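Undergrad: Mind folding the following:
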Amino acid sequence: QVQLVESGGGLVQAGGSLRLSCAASVRTFSLYVMGWFRQAPGKEREFVAGVSRDAGTTNYADSVKGRFTISRDNVKNTISLQMNSLKPEDTAVYYCAASRFAYGVTSRVSEFDSWGPGTQVTASS
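TA: From the prediction side, this is the model:
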């Protein structure tokens, strides 16, 4: 399994921006499909964004398209999520996740085998 640690969460006014980062402790980081998920109180964990092993393909939930950007650095073993134009409905705990065996970018929670502890993002109205 991969050890993942998120950072960069916090409180921001609606319309503001935050940048989340996730550091992975594994030598073979480039073999993992990576993703960001979020979970709001009382709701199921949902897909936010994903990136392929070589960073050539990305995918986004419809709710964040055009506002969020996922990226990865296979030298530094990190992924990031740039979040702009934040809305109150973006408030959730955000999780970084890694999948060793997914064929490509995936939005399925069940395909990810390693998860970070999460970081809180709050967008106030």
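Undergrad: Nearest the middle, which residue of this structure would you pick?
TA: With distances taken as C-alpha atoms, centre = their mean, the residue of the chain nearest its centroid is Trp36 (2.0 Å).
Undergrad: tell me which element it is part of?
TA: strand 33-39 (DSSP states H and E).
Undergrad: now that strand, how far from the centre of its chain.
TA: Strand 33-39 has its C-alpha centroid displaced from the chain centroid by 4 Å (C-alpha atoms, centre = their mean, to the nearest Å).
Undergrad: Please list the residues outside whichever helix or strand comes after it that contact it.
TA: Sequence order places strand 46-51 as the next helix or strand after strand 33-39, per DSSP H and E. For strand 46-51, contacts defined as C-beta atoms under 8 Å, 6 or more residues apart in numbering pick out 33-39, 57-61, 64, 68-72, 79, 81, 94, 105-109. Where C-beta positions appear, they are placed from N, C-alpha and C, glycine not excepted.
Undergrad: circling back: alpha carbons of the strand holding Trp36, as PDB, please.
TA: This file holds the C-alpha atoms of strand 33-39, laid out as PDB (Å, rounded to 0.1, in the frame of the first residue of the first chain):
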ATOM      1  CA  VAL A  33      -3.600   6.000 -11.000                       C
ATOM      2  CA  MET A  34      -4.400   8.900  -8.600                       C
ATOM      3  CA  GLY A  35      -7.600  10.600  -7.600                       C
ATOM      4  CA  TRP A  36      -9.300  13.100  -5.300                       C
ATOM      5  CA  PHE A  37     -12.600  12.300  -3.600                       C
ATOM      6  CA  ARG A  38     -14.700  14.200  -1.100                       C
ATOM      7  CA  GLN A  39     -17.200  13.400   1.600                       C
END
